[in-house]
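Structure for this input, please:
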Amino acid sequence: MRYLAIVSAVVLLLTMPATCGAQEKGLSGDRIPTDNGALVIHPVNHATFLMQWNGKTIYVDPVGGGKRFAGLPKPDLVLVTHMHFDHFDTKTLEAVVPAGGKTVLVAPKTVAEKIPETLRGKVTVRILTNGEKTEVLGIGIEAVPAYNSTSGKEKFHPKGRDNGYVLTIGGKKVYVAGDTEDTPEMRALAGIDITFLPMNLPYTMSVEQAAEAIRQFKPKIVYPYHYRSQDGTKADFEQLRKLVGDGGVEIRVREWYATER
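Numbers count the residues shown, from 1 in each chain. This is a model prediction of the structure:
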């Protein structure tokens, strides 16, 4: 009888559906319905976050070392907005990207040029410049401009160098702004369901600039991120809500600084 019980247990393990393993790697966070299952939003730190959809995991600007991502699913797709250390770190990428070369890394040229050969063997690199589009794993990706437009700040993020991204995921449009001010290109966006907007000075937007942009392009859900300045101060979200007003925009404030680099 004991032998039969052991055999039965082995058979059960061998015939267990593959989805069980995938469930163990699910992300926690907001679940937003799409035309093909939920999109999960998982903040990590500052400008780093993960999304999961249709069994695939997306990393955005992963930095902070491998330990920060312990226990989280490995990336199928990595988006890097630009080359600054709080958005792009090759050691972190080498730690989190699995071997096999199946992970796709989308980045501007200035980032791609800095990817070491040891990492190139683990990823497929796709370079996008502002205005270019591609598709990865059923996700549409468009690179949009991300830059400083205020006189004297152009040196931080010059026009044409860095990317924001508009993703089409299960019929939803997701805008990852990267480091940018409220540019004309941002204000002209249309049909955005979810957006991630930076709010720290002097490198990105003030609360007032962010509110003006939100009033112009009217995303349905706004996640403020990258919202702490060098002196430790954080953006005033109540002021943001007040300035945005009752325009049908939901501002979701989540914890982006629970872990530190």
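
where exactly do the strands run in the stretch 151-261 of the chain?
Using DSSP state E, counting those that start in this stretch, the strands of the stretch 151-261 of the chain run over 162-169, 172-176, 194-198, 221-225, 250-251.

Listing partners with orientation, what would you give for the second one?
Sheet neighbours of strand 172-176, with direction, are listed as strand 162-169 (antiparallel), strand 194-198 (parallel) (DSSP bridges).

Could you take the strands of the stretch 151-261 of the chain and lay them out as TSV, with extra columns for mean neighbour count?
Just so you know, the C-beta spots here come from the backbone N, C-alpha and C atoms, and that holds for glycine as well. Putting the strands of the stretch 151-261 of the chain into TSV (neighbours: other C-beta atoms under 10 Å) gives the following:
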stretch	mean neighbour count
strand 162-169	24
strand 172-176	23
strand 194-198	25
strand 221-225	23
strand 250-251	15
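
Let me know which of the strands paired with strand 172-176 is the nearest to L119.
Between L119 and the strands paired with strand 172-176, the tightest spacing by C-beta to C-beta is seen for strand 162-169, at 18.8 Å.

what distance separates that closest one from the centre of its chain?
Offset of strand 162-169 from its chain centre (C-alpha atoms, centre = their mean, to the nearest Å): 9 Å.

What of stretch 183-200?
14 Å.

and it, which residues are buried?
With burial defined by 16 or more other C-beta atoms under 10 Å, the residues of stretch 183-200 counted as buried are 183, 185-186, 189, 192-200.

Would you mind putting those residues into TSV with distance to T34 and pLDDT alongside?
What follows is the buried residues of stretch 183-200, written out as TSV (distance: C-beta to C-beta, whole Å; pLDDT from 0 to 100):
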residue	distance to T34	pLDDT
T183	27	96
E185	25	97
M186	23	97
L189	19	98
I192	14	98
D193	9	98
I194	10	98
T195	16	98
F196	17	98
L197	21	98
P198	24	97
M199	26	95
N200	30	92
